[in-house]
Each structure stands twice: as structure tokens, then as C-alpha cells.
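Student: Would you be able to build a 3D model of this:
(one chain, ligands or ions: 1)
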Amino acid sequence: MQFPHGTLFDVTEYADQQTDRATPVTIVGAGLGGLTLARVLHLHGIAATIYEAEASPMARGQGGLLDIHDYNGQLALQTAGLMDEFRGIILEGHQAMRVVGPDGTLLADHADDGSGGRPEVYRAELRQILLDSIPAGTVQWGHKLSEVRPLGAGRHELTFANGATVTTDLLVGADGAWSRVRPLLTAAVPEYAGAAGIETYLFNADVNHPATAKIVGDGSMIAQGPTSELFAHREKNATLHAYAILTRPLEWFDTIDFTDPAAATARIVREYEGWAPELTALITQTDTAPLLRPQYTLPTGQTWDRVPGVTLIGDAAHLAPPNGEGANFAMLDGADLAKAIAAHPTDPETALTQYELTMFPRAAHLPQEALDFHESFDKHR
Ligand SMILES: Cc1cc2nc3c(=O)[nH]c(=O)nc-3n(C[C@H](O)[C@H](O)[C@H](O)COP(=O)(O)OP(=O)(O)OC[C@H]3O[C@@H](n4cnc5c(N)ncnc54)[C@H](O)[C@@H]3O)c2cc1C
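Tutor: Next up is the predicted model:
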């Protein structure tokens, strides 16, 4: 047994060459999880259609860097046969990691010597690799799922906001934190996790904010106080992408007017009183309006009883506060589910059972991994 990180089974033990009779797979959501699922199914010759709410791949910014780990995200990319493409988008040197005190004292400094197991890539570039690896037309853009109706015997009818409807015998919810598919399986809903990040960007920081660029270093930097943190990442072109993370009730954030960027910035930085100015510049010198990102989580260790014809992957199944694992596990879920379907192409229930037995124990560790993520920095304080 390899959980929490590994996969539990190898499809080559099961391959039964029945993929021409395989049940087509309907996936809701073209995030990293849904796309990995579609890619690995495609490698096995199994048809899949993804219905995605966004109008196009460019409809929304995809955020910044993701570190893709050798124990989960990279395993999924290996299964997807995309390691060469993945290596081609790695940002060399960006695995460097610094821990600093609120006063700017350097507490730990790990350089990127190229031997680390978590290289950084842009989410948009990773998503594009996956999009390029599946047949044209696999993703039906502009299809926001609004309702799912069970028809019995594992069949479901999906209705989209654009008026289209489809029926399917094998439905996968890869539709993220606020999944519309999840209620078919569980009544669990995401709850506020107690902290929120305020997202900022400083552009061309080597020139415009050299002291801040220097303290962030070549990769990522975290500075922690008791209930306030700053996390920053150096992206291409000396862009510093930062989160001011505050452990406060949601109501506390409600008192801040984020439609007034200057007032919001001034209010947030008051929570960092006494911190080094090169650190607080990550808040006060932002080139973009500060964006509030509350953190939500599903209950720890949630499972569900098997419901014929439907399952969940990624955040839809096991949303946890940001801990550097969510995208990685979404991809691993997608790869594992595809392998299970390929192993049992004409028997979806066995495939879904096998996948869930792999995913549930792994997901149960996710909230703990979020805590470990923060404690790993705590020990440097
Ligand atoms: C601020 C922040 C930073 C993060 N940083 C990291 C990190 O560094 N490393 C990491 O591993 N993880 C990180 N995560 C977590 C990571 O983003 C998620 O865990 C990951 O994206 C989950 O992938 P997914 O495919 O399950 O869902 P998503 O990426 O959320 O994709 C879901 C897709 O479904 C679509 N969709 C939603 N509703 C519908 C609908 N009704 N109908 C049709 N389509 C729909 C969405 O448009 C989206 O394309 C971070 C999260 C946040 C919020």
C-alpha cells in the first residue's frame, strides 16, 4: 500500500482490451484534474467529453506558479505521457525557498540546486499542455452545468446554463470547490477555513522594489507572525506574486471595502505593524488591486457511499486550504480514475469503487498536510 501519496494499482495488471466497448465518460470541469482524466482516457482509447463553464481557455487568468511534486503531480504527468512537455515549461531556479522573520531576518535559505522534487511551472502553461494532448473538441467550452438529474440505473441528465442537455452513463465531477455534481454524492459543503489571503503583484521588482525583490530571493519566501503571514513568489520578469494571509473571521474582512484599493491596502497593512518595510511593501506597493481570497475546506476525511454512475475528483472531492497539494492531487485523481476505468472499461461501478478506495485514504491526509505545510515553516521561527 502506498498512500497517502502513491497510487494503489497498476492498470497494466488489469488491461482487458475492451476499450472499444468502454462507456464514454462525461466530465464536468476542464481544470487540471478533468483534463488529466481526459488525457489518460484518450491514451487508453476511451472517449470523453468535458463540459466547461468558461467560454474559452483564455477566459480567465490561471494564476501564477504551481510546484509539481514527484510524489503526486509528476506521477500523474508520467501516466499521461507528458513528462517531456512538463520539463519544457519548468522555471529553473524557482524552487529556492526562504523563511524570514517579520523583522526581515533571514531564518532559512534553501537554494535551488536542480535536485529538488517540486519544480515550478505556470498553471496556464501546464493546462495548455494538457489541452494540446487531447483531441480537438473534447472540451465543450461555455457549458456551465446548472442541474443534474438522476435517471436511475447510474444514468444522469445534465442541463447547462446555455440550455443544452446531455445524458450520460458515467459522470465525473471535476468542477472544483463549488461543484454542482457533488450533491449527488454527499451533502458536505465547503466551510470557511479561518484564514484568507489578500493577493498582490509587484511588477519589475528588481528595478522598482529592489529591497523587496532581494528579500524574496529567486523562488518563494514566507514570513510568519502569530496570526499574519506573507507569502511571495518570484515569477518571470521579476514579478513578485504575493499573498498577505490573515487568520481572521470572515466578518472581519467584510468590514474592509475592497472596491477602494487604497483603503483596503491601508487597512491590511495595519495588521503587519512593526514588520520590515521591504516585507510590507508586498502589500503597500502592489501594482494590482488587492484581491481577497478566503480559504474554504470540506470536512476532513469525508467519504460517500457508492452512487451508481458518478464520482468526483480534485477539489470537488476533497477541497482543502491551499497547501501546495491541491492541483497535484487533482491531477493524480484524474490519472488514477482513468486507469481504473481503463482497467474495467465495460464495468463502471467496479472502476469507480476501485478509484474511490484509492482516493479516499489519500484525501483524508490532505487537511493534515495543510497543517504540516505551515508547521514546516513554524519551526524556523
Ligand atoms: C490562491 C490559491 C493558490 C493555490 N496554490 C496552489 C499551489 O501552489 N499548488 C497546488 O497544488 N494547488 C494550489 N491551489 C489549489 C489548486 O488550485 C486546486 O486544488 C486545483 O486547481 C484543483 O483542481 P481541480 O481540477 O479539481 O479544480 P479547478 O482547478 O478548480 O477546476 C475546476 C473547473 O471546473 C469549472 N467549473 C466549475 N463549475 C462548473 C460548472 N457548474 N459547470 C462547468 N464547469 C464548471 C471551472 O471553471 C474550472 O475550469 C491553490 C488554490 C488557491 C485558491
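Student: Would you mind naming what in the stretch 1-150 of the chain lies close to the ligand?
Tutor: Neighbours of the ligand within the stretch 1-150 of the chain, by C-beta under 6 Å from any ligand atom: 28-34, 51-54, 66, 144-145. (Each C-beta comes from the backbone N, C-alpha and C, glycine too.)
Student: now those residues: which count as buried?
Tutor: With burial judged by 16 or more other C-beta atoms under 10 Å, the buried subset of these is 28-34, 51-54, 66, 145.
Student: Helices along the chain, start to end?
Tutor: 32-43, 73-79, 83-87, 123-132, 205-208, 210-216, 250-254, 261-269, 277-284, 315-318, 326-343, 348-364, 366-378 (DSSP state H).
Student: Does anything pack onto the longest one? Which helices or strands?
Tutor: Just to be clear, that refers to helix 326-343. helix 32-43, helix 73-79, helix 315-318, helix 348-364 (3 or more C-beta pairs under 8 Å, 6 or more residues apart in numbering; DSSP states H and E).
Student: who wins for proximity to residue 246 among these?
Tutor: Counting by C-beta to C-beta, residue 246 lies closest to helix 315-318 out of these; the figure is 22.2 Å.
Student: For that closest one, what is the distance to the chain centroid?
Tutor: Distance of helix 315-318 from its chain centroid, counting by C-alpha atoms, centre = their mean, to the nearest Å, is 10 Å.
Student: list the helices and strands it packs on?
Tutor: helix 326-343, helix 348-364.
Student: Most tightly packed of these?
Tutor: Ranked by mean neighbour count, the helices and strands packed on helix 315-318 are led by helix 326-343 with a mean of 28 (mean count of other C-beta atoms under 10 Å).
Student: tell me the mean pLDDT for that helix?
Tutor: Mean per-residue pLDDT for helix 326-343: 97.
Student: Excluding chain neighbours, give the residue nearest to residue 178 in space.
Tutor: Leaving aside its sequence neighbours, residue 178 sits nearest to residue 190 (C-beta to C-beta, 6 or more residues apart in numbering; 7.1 Å).
Student: Contacts only, for that neighbour.
Tutor: 177-178, 296-298, 319 (C-beta atoms under 8 Å, 6 or more residues apart in numbering).
Student: Now, of those residues, which are buried?
Tutor: Listed as buried from those are 296-298, 319; burial here means 16+ other C-beta under 10 Å.
Student: Need the max-distance pair from those residues.
Tutor: Those two in the buried ones among the contacts of residue 190 that are separated most widely, counting by C-beta to C-beta, are 296 and 298, at 8.0 Å.
Student: which residues are in contact with both of those two?
Tutor: In contact with both residue 296 and residue 298: 190-191, 319, using C-beta under 8 Å, 6+ apart.
Student: Could you dump those into a markdown table with distance to residue 151 and pLDDT added?
Tutor: Below are these laid out as a markdown table (distance: C-beta to C-beta, whole Å; pLDDT from 0 to 100):
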| residue | distance to residue 151 | pLDDT |
| --- | --- | --- |
| 190 | 28 | 96 |
| 191 | 31 | 96 |
| 319 | 28 | 95 |
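Student: if we take these, which one ends up nearest to residue 220?
Tutor: Of the shared contacts of residue 296 and residue 298, the one sitting nearest to residue 220 (C-beta to C-beta) turns out to be residue 319, at 22.5 Å.
Student: The closest one contacts residue 296, doesn't it?
Tutor: Yes: between residue 319 and residue 296 a contact is recorded at 6.2 Å, counting by C-beta atoms under 8 Å.
Student: Could you name every residue contacting both of those two?
Tutor: Taking C-beta under 8 Å, 6+ apart as the contact rule, residue 319 and residue 296 both touch 177, 190.
Student: burial measure for residue 86, as a count.
Tutor: As a burial measure, residue 86 scores 19 neighbours (other C-beta atoms under 10 Å).
Student: Endpoints of stretch 270-284, how far apart?
Tutor: By C-alpha to C-alpha, to the nearest Å, the extent of stretch 270-284 from end to end equals 10 Å.
Student: Could you do stretch 242-254 as well?
Tutor: 21 Å.
Student: Just the buried positions in it, please.
Tutor: 242-246, 248, 253.
Student: Just the residues contacting it, thanks.
Tutor: Residues contacting stretch 242-254 (C-beta under 8 Å, 6+ apart): 192, 194-202, 227-233, 268, 271-272, 282-283, 286, 290, 292-294.
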